[in-house]
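> with the sequence up front, the predicted model follows.
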Amino acid sequence: FSKFCLEKLKEIRGAKKSCALIHRTHSIMEYFRCHFRGGKFRKTQHEMNDRKDRWITAQIVLFFLISECHTQQEWRVPDPPENVRSKADAESVTLWWEPPASINEILVRGYTISYGIGTPSRRVIIEGAYTNAFTVNGLKPNTTYVFALTAYNEAEGEDSEKVLLTATTKLPKKFDDRLFQLQTPSNVHAKAISPNAIEVRWTDPNVDFENDNSVEAASRKRIYVIQYGIHQSEKHERLTAQVRQAVLGGLQPGTEYEIAVKVVMPDGAESAWSIRELVRTPNKSPSPLWPKSFDERCHFEDPSICGFTSDENAPLIWMRSQAGANAYLPNSVLGTPGGHYMTLQSTSSPHENYGRLISKSFKFNNGSHLCISLWIYVKDESRGVMTIRLHKENDQKHALTVFFAQLNKLRKESWELLLLNVRAPDVPFQLSFEVRKIGNEHFWIAIDDIDILSGRCPKEAIAVSRGTASFSERKIISSQSQHVLAS
């Protein structure tokens, strides 16, 4: 402070050489006393007036310098920024703000911006009290982000109270164009096939878009979302499919349901909902006129996770996670946050090398085949093997392997649909989903929407043989599961 103020005082004309020694000591008050009271001045009226003018000037300068240097304190954290606003583009959000009203009293060294999907998990530090804008890049299109803005200094606690706001990124322009091009599914027909199930079929009038007919894994194809619920109720369920038909199970007998369908492209563009189709399930009948169908679905939305359990003998534990809850967790199969799925992650311990998810017991009494459908998500750099087995109830020793794949051969960072045709066992059975790491490598995998339906899958099943462990070879697995389970 002394050095700064003395530099300013040098600008006051007429400084006396007799005060130079005191000047070098950097004692302001002594310098003032010497310069304005103890200095030698000629006793002319002109000099007396000049001395008076310099004294008044020095007092004014000193007052403003002390105000300038001492008004900003750092004894507490700053107040939060004010008038915060935002503007979103497809992959970025720009924030503007004004400094705290108390910036002239409480020192502000800069600002922090935290952001994320659902919760602000990433943090950016911005230096400079008068910086009032920042652009966050690399965001996902058509996604809602939460932002938290604070001012900071070096007082205990550092950050001010958070200013919270949300912003939704836009769809890229080509996606906006796509929205107007996509037509809603048409010819939606629904019929009750039992008191508890409805079959839905529809037509997709959309022409093939770019990349939609490429030979890729199923996750790169368009999907259909079927929304259904009791007519005129506020609660609706959703089901996804990659073919133009679906069976809605677990319904109430003698109840009218409304059903609508929309198409979602691989890039996230989607059509509007189709016109609602209304259909009533019949009342229960004691006569065996309805075919005995098998329909088990688990989307892991209920905390009970449909009776699935993580094998207590396995060192790694399958966990129920919320889609998009933080930056590390991917969105749901629909590409949106919310919803739940099961995840398994390896650790650095060589002894914690695998985890196993086991279904509840199922009993199938009709037909010769089952279709097992599920979605899987594998993160980059995952190494290990995934095995799906079908075994007799509480008897894993005599399990039949229906799927085997190396994780590094699967598509990464996107949801992939897996369809498996298996011979239907005639005894109670269970499914197990095991992921095992290789050596010191690590993995992260999620599974969702496990459906077990009677009959064959509606399209060629995706499976991986032990020899190739690649999706490039598509093979229908039709092992003699009945014989294995009965032995």
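Thanks, I have it. Numbers count the residues shown, from 1 in each chain.
> going forward, measure contacts and count neighbours with C-alpha atoms only.
Noted.
> helices of the protein, residue ranges please.
2-9, 20-24, 28-33, 45-70, 173-181, 481-486 (DSSP state H).
> ok, what's across the strand from F134?
Applying DSSP bridges to F134 gives these bridge partners: L95.
> skip the chain neighbours and tell me the closest residue to S359.
F308 (4.3 Å; C-alpha to C-alpha, 6 or more residues apart in numbering).
> what's the neighbour count on the one you found?
F308 has 18 neighbours, counted by other C-alpha atoms under 10 Å.
> what sits against it?
Going by C-alpha atoms under 8 Å, 6 or more residues apart in numbering, F308 touches 357-360.
> give me that answer again for 6 Å
Residues near F308 by C-alpha atoms under 6 Å, 6 or more residues apart in numbering: 358-360.
> coming back round to it: where among the helices of the chain is average confidence lowest?
Here these differ in mean pLDDT, and the lowest is helix 481-486 at a mean of 32.
> measure T150 to S361 for me?
Separation of T150 from S361 (C-alpha to C-alpha, to the nearest Å) stands at 53 Å.
> which of the two has more neighbours?
More neighbours surround T150 than the other of T150 and S361, with 22 against 16 (other C-alpha under 10 Å).
> now do the contacts for the more buried one.
Per C-alpha under 6 Å, 6+ apart, neighbours of T150: 80, 111-112, 160, 162.
> what is the nearest of the residues you listed to P141?
Of all those, P141 sits closest to T112, with 23.3 Å by C-alpha to C-alpha.
> per-residue pLDDT, the closest residue to the closest one other than its chain neighbours?
Setting aside the residues directly before and after it, T112 is nearest to I125 in space (C-alpha to C-alpha, 6+ apart), at 4.5 Å. Per-residue confidence at I125 stands at 92 (pLDDT).
> gap between the residue nearest to S359 and G455?
23 Å.
> ok, now L357?
24 Å.
> which of these two has more neighbours?
For L357 versus G455, neighbours defined as other C-alpha under 10 Å are more numerous around L357 (23 against 19).
> got the contact list for the nearest residue to that one once chain neighbours are set aside?
Counting by C-alpha to C-alpha, 6+ apart, L357 lies nearest to S310, which is 4.5 Å off, once chain neighbours are set aside. The neighbours of S310, taking C-alpha under 6 Å, 6+ apart as the test, are 317-318, 356-357.
> as a markdown table, these with pLDDT and distance to A405 would be great.
Putting the contacts of S310 into a markdown table (pLDDT from 0 to 100; distance: C-alpha to C-alpha, whole Å) gives the following:
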| residue | pLDDT | distance to A405 |
| --- | --- | --- |
| I317 | 91 | 20 |
| W318 | 93 | 19 |
| R356 | 93 | 15 |
| L357 | 93 | 16 |
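> so which of those is the closest to G384?
Nearest to G384 among those, with distances taken as C-alpha to C-alpha, is R356, at 13.4 Å.
> give me every residue that touches the nearest residue to the closest one once chain neighbours are set aside.
Counting by C-alpha to C-alpha, 6+ apart, E434 is the residue found nearest to R356 once chain neighbours are left out, at 4.3 Å. Contact analysis of E434 by C-alpha under 6 Å, 6+ apart lists 355-356, 386-387.
> bridging residues for E434?
R356, T387.
> where does the stretch 251-400 of the chain have low pLDDT?
284-294, 334-337, 366-367 (pLDDT under 70).
> gap between the residue nearest in space to the middle of the chain and T119?
Most central in the chain under C-alpha atoms, centre = their mean is G324, positioned 2.7 Å from the mean C-alpha point. Distance of G324 to T119, computed by C-alpha to C-alpha: 9 Å.
> got it, and E234?
28 Å.
> neighbour-wise, which of these two wins?
More crowded of E234 and T119, by other C-alpha under 10 Å: T119, with 16 against 7.
> list the contacts of G455.
G455 sits next to 369-370 when contact means C-alpha under 6 Å, 6+ apart.
> i'd like the first residue to be 46 from this point on
All right, first residue 46 from here; so that's G500.
> for C416, see how far away it is.
6 Å.
> all strands of the stretch 196-345 of the chain, in order?
Ranges of strands within the stretch 196-345 of the chain are 208-213, 231-239, 242-248, 268-275, 282-286, 290-293, 301-309, 322-325, 340-343, based on DSSP state E, counting those that start in this stretch.
> dump those strands into JSON lines; add distance to S349 as well.
Compiled in JSON lines, the strands of the stretch 196-345 of the chain are given as follows (distance: least, C-alpha to C-alpha, whole Å):
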{"stretch": "strand 208-213", "distance to S349": "32"}
{"stretch": "strand 231-239", "distance to S349": "26"}
{"stretch": "strand 242-248", "distance to S349": "23"}
{"stretch": "strand 268-275", "distance to S349": "22"}
{"stretch": "strand 282-286", "distance to S349": "17"}
{"stretch": "strand 290-293", "distance to S349": "21"}
{"stretch": "strand 301-309", "distance to S349": "26"}
{"stretch": "strand 322-325", "distance to S349": "29"}
{"stretch": "strand 340-343", "distance to S349": "10"}
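> among the contacts of F353, which ones are in strands?
With strands taken from DSSP state E, the overlap with the contacts of F353 comprises I403.
> make a markdown table out of the contacts of F353 and add distance to I483 and neighbour count.
As requested, the contacts of F353 are exported to a markdown table (distance: C-alpha to C-alpha, whole Å; neighbours: other C-alpha atoms under 10 Å):
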| residue | distance to I483 | neighbour count |
| --- | --- | --- |
| I403 | 21 | 20 |
| S404 | 25 | 20 |
| K405 | 28 | 15 |
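> from the contacts of F353, which single one is nearest V423?
I403 (19.4 Å).
> how about the nearest residue to that closest one, chain neighbours excluded?
S477 (4.4 Å).
> report the contact partners of the one you found.
Neighbours of S477 in contact, by C-alpha under 6 Å, 6+ apart: 402-403, 433-434.
> which residue ranges make up each domain of the chain?
If you go by automatic domain parsing, the domain ranges for the chain are 47-115, 127-215, 226-325, 340-531.
> turn those into JSON lines, including distance to R121.
Below are these laid out as JSON lines (distance: least, C-alpha to C-alpha, whole Å):
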{"stretch": "domain 47-115", "distance to R121": "15"}
{"stretch": "domain 127-215", "distance to R121": "5"}
{"stretch": "domain 226-325", "distance to R121": "47"}
{"stretch": "domain 340-531", "distance to R121": "32"}
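> mind listing what L184 touches?
136-137.
> now do it, the pLDDT please.
91.
> now swap in the one 4 residues further on and tell me
T188 carries a pLDDT score of 88 in this model.
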